[in-house]
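Trainee: Here is my input; please provide its structure:
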Amino acid sequence: MRYISLNLYHSIRSLLFNLMRGLRRRNVRAGGIKLVLQGRGWFIIALAIGALLHNLPAPEGLSDVGYNVLIISIVATILFITEPIPLPAVALLIIVSQVLLLGANSNDVAKSIMSDSVLFIMGSLMLAVSIVKQKLDKRIAFFIVKLTGTSTARICVGITVISGLMASMIGEHTVAAMMLPVAITLIRLTSDNPKDVRRLAAALLFSISYGCAVAGISTPSGGARNAIMIGFWHEFFYDPLNPETFKYLVNYVDWAIYCFPVFLIQLPLTSWIILKVFKPEQSTLTRAVVKLRTQLAEQGKMDIGDWSTIAILFCTLIGWITMSDTLGLGIIALLGSIAFLVVGLVNWNDINANVNWGVVLLYGAAISLGVQMKDTGAAVWLADKILMVLASIGADSGPSLWLSISALTSGVTNTMSNGAAVAMLGPITLKMAAGANESPLVMGYITAISSSFAYLTVIGTPACTIVYASGYLKPSDFLKVGWRMLIMSTTVLILSAFFYWPLLDG
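Mentor: All right, here's what the predicted structure looks like:
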């Protein structure tokens, strides 16, 4: 089976969104003028909204520069959601706007784009290309079966666990691309008729996508959103002259201590929800396992390339755990990528062709804009306004505030990538923490974790888009199981923040 490229997520997402926009297109007549919302329509609308806001006076308590930062954020958010132009082009607009509208020095803007967080994202994408090329899908499938037996329910649980454990280290899009052939292999070895394996396919595929989603928050290497939040903590609160702020230098182990248990609690609940909603037609997959064993026998034993891949990944993980304080997460990720190149397991043409460099640019620009929101006071002003609204309903502190932030982030992340959601909301929620006398660490973790709750749509996460591309799932399937996942994950998160995290501070 041909492996799915890392660029698949972005191409599928664009295709699906264009199809959805096409279904919603309609002609709007006003005074004889006909406006067709297609092509670059949303781009023109976003710029028009920005121009209109720019010509209005800045709100009371907010500087003109801070107001312009909010305008850039609003326009960028519209473009993130509607995607009338490529997302890397949105990143370029963010960079240019900081110079043109904020009067920022171009060298300062360039420096704010490249950080250890961005190097980490870039290195992780390079590692992903190297891993996918090794084609370990059938071996992973047989390994899962050896652990679980041939029971369908146990295999689904095994896929959820394996997907989750791998996604906690190397990113969900990589794991989904690796595990999709595993599920497809088991499905097709069971039956060639999709109607006979409708619920089985849904159970196996959602075990991959939601296993990846709940695991992406467990370690910094699980997703770009985590590296972005770590960068914000450092930028907003760390002062090398104040030892009390050293706690905001969150390393790999610190993050895992807070978030890995949250992931582990969700794992069995995720499998239970999936099997409850999509009870497989087959109680065992014995026939599929027999065929799989025969294919593996023909493929032969693991070679030096397979073992070298495992060794490099293990060393990279050890480096993240033991040396991220001194070297940084990004440098270690790059060292792992260099090792794959030096050993010859991947060549530069593979990396150059399959790494979405636009994603690196996008996250760099989003982080840079977050820094501007902090420096200009826009984040503080907006945080104060949101807190005033929450105070009016008694949700301005404690668990009610946490739940509000989680709900806000969950809503946003179902319309754009989780990294972009954290880049946009992170500065606001961290400043809200300061205004509400809440821990910036707690608020940051809640924001980052909630950004993984994109269970409701096909385009919510790369993993969801990749499994949908198999052709076995319907968009309505995501809603059917997704709302249950959202309630479960939010409950686990709030309970963890209330009962478990205080024990770590004590």
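
Trainee: quick one: contacts for the residue most central in space within the chain?
Mentor: With the centre of the chain defined as its mean C-alpha position, the nearest residue by CA atoms, centre = their mean is Asn418, 4.1 Å away. With contacts taken as CB atoms under 8 Å, 6 or more residues apart in numbering, Asn418 has the following neighbours: 216, 223-225, 451-452, 454, 461. Yep, even glycine has a C-beta here, placed from its N, CA and C like the rest.

Trainee: leaving aside the residues next to it on the chain, what's closest to it?
Mentor: Distances taken as CB to CB, 6 or more residues apart in numbering place Ser451 nearest to Asn418, at 3.9 Å, with adjacent residues excluded.

Trainee: what's near enough to touch that neighbour?
Mentor: The neighbourhood of Ser451, defined by CB under 8 Å, 6+ apart, consists of 225, 409-410, 412-413, 418-419, 421-422, 425.

Trainee: what about Met323, neighbour count?
Mentor: Summarising burial for Met323: neighbours were counted as other CB atoms under 10 Å, giving 16.

Trainee: and Gly103, how many neighbours does it have?
Mentor: That count, for Gly103 with other CB under 10 Å as the rule, works out to 10.

Trainee: Checking it next. Helix, strand or coil?
Mentor: Assigned by DSSP: H, G, I helix; E, B strand; the rest coil, the conformation of Gly103 is coil.

Trainee: Quick check: pLDDT value at the nearest residue to it once chain neighbours are set aside.
Mentor: By the measure of CB to CB, 6+ apart, the closest residue to Gly103 outside its immediate chain neighbours is Val65, 7.3 Å from it. Predicted confidence (pLDDT) for Val65: 89.

Trainee: Low-confidence bits of the stretch 1-150 of the chain, can you list those?
Mentor: Judged against pLDDT under 70, the low-scoring parts of the stretch 1-150 of the chain cover residues 1-39, 132, 135-138.

Trainee: now the strands: where do they sit in it?
Mentor: Read by DSSP state E, counting those that start in this stretch, the stretch 1-150 of the chain holds these strands, from start to end of the chain: 27-30, 33-36.

Trainee: And the helix or strand harbouring Leu189, what's buried?
Mentor: Taking DSSP states H and E as the criterion, the element that holds Leu189 is helix 172-190. Of the residues in helix 172-190, those buried under the neighbour-count criterion (16 or more other CB atoms under 10 Å) are 172-187, 189-190.

Trainee: so how far is it off the chain centroid?
Mentor: Averaging C-alpha positions (CA atoms, centre = their mean, to the nearest Å) puts helix 172-190 20 Å from its chain's average.

Trainee: Can you name the next helix or strand after that helix?
Mentor: If you walk from helix 172-190 toward the C-terminus, the next helix or strand you reach (DSSP H and E) is helix 198-215.

Trainee: From the contact counts, what lies against the next helix or strand after that following helix?
Mentor: Later in the chain than helix 198-215, the nearest helix or strand by DSSP H and E is helix 224-237. Applying 3 or more CB pairs under 8 Å, 6 or more residues apart in numbering; DSSP states H and E, one finds that helix 224-237 contacts helix 116-132, helix 329-343, helix 357-375, helix 418-435, helix 440-450.

Trainee: if I read this right, Ile331 contacts Leu119, doesn't it?
Mentor: Yes. Ile331 lies in contact with Leu119 (CB atoms under 8 Å); the separation is 6.7 Å.

Trainee: Look at those two and report which has more neighbours.
Mentor: The residue with the greater number of neighbours, taking Ile331 and Leu119 and applying other CB under 10 Å, is Leu119; the counts read 20 against 17.

Trainee: Tell me who's in contact with the more buried one.
Mentor: Each residue near Leu119 by CB under 8 Å, 6+ apart is listed here: 328-331, 333-334.

Trainee: Ok, Asp64 next?
Mentor: Ala58.

Trainee: For this protein, give me the ranges with low pLDDT.
Mentor: Across the chain, the stretches falling below the confidence threshold (pLDDT under 70) are 1-39, 132, 135-138, 173-174, 299, 415-417, 459-460, 462, 469, 506.

Trainee: Next, the buried residues of stretch 150-163.
Mentor: Applying a neighbour-count criterion of 16+ other CB under 10 Å, the buried positions in stretch 150-163 are 150, 152-163.

Trainee: Put together a markdown table for those residues, with distance to Asn251 and secondary structure on each row.
Mentor: A markdown table is the format used below for the buried residues of stretch 150-163 (distance: CB to CB, whole Å; DSSP: H, G, I helix; E, B strand; the rest coil):
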| residue | distance to Asn251 | secondary structure |
| --- | --- | --- |
| Thr150 | 42 | coil |
| Thr152 | 40 | helix |
| Ala153 | 38 | helix |
| Arg154 | 36 | helix |
| Ile155 | 36 | helix |
| Cys156 | 34 | helix |
| Val157 | 31 | helix |
| Gly158 | 31 | helix |
| Ile159 | 30 | helix |
| Thr160 | 28 | helix |
| Val161 | 26 | helix |
| Ile162 | 26 | helix |
| Ser163 | 25 | helix |
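
Trainee: Dump those into CSV; add distance to Ala128 as well.
Mentor: As requested, these are arranged in CSV below (distance: CB to CB, whole Å):
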residue, distance to Ala128
Thr150, 31
Thr152, 29
Ala153, 30
Arg154, 28
Ile155, 25
Cys156, 24
Val157, 25
Gly158, 22
Ile159, 19
Thr160, 20
Val161, 20
Ile162, 17
Ser163, 14
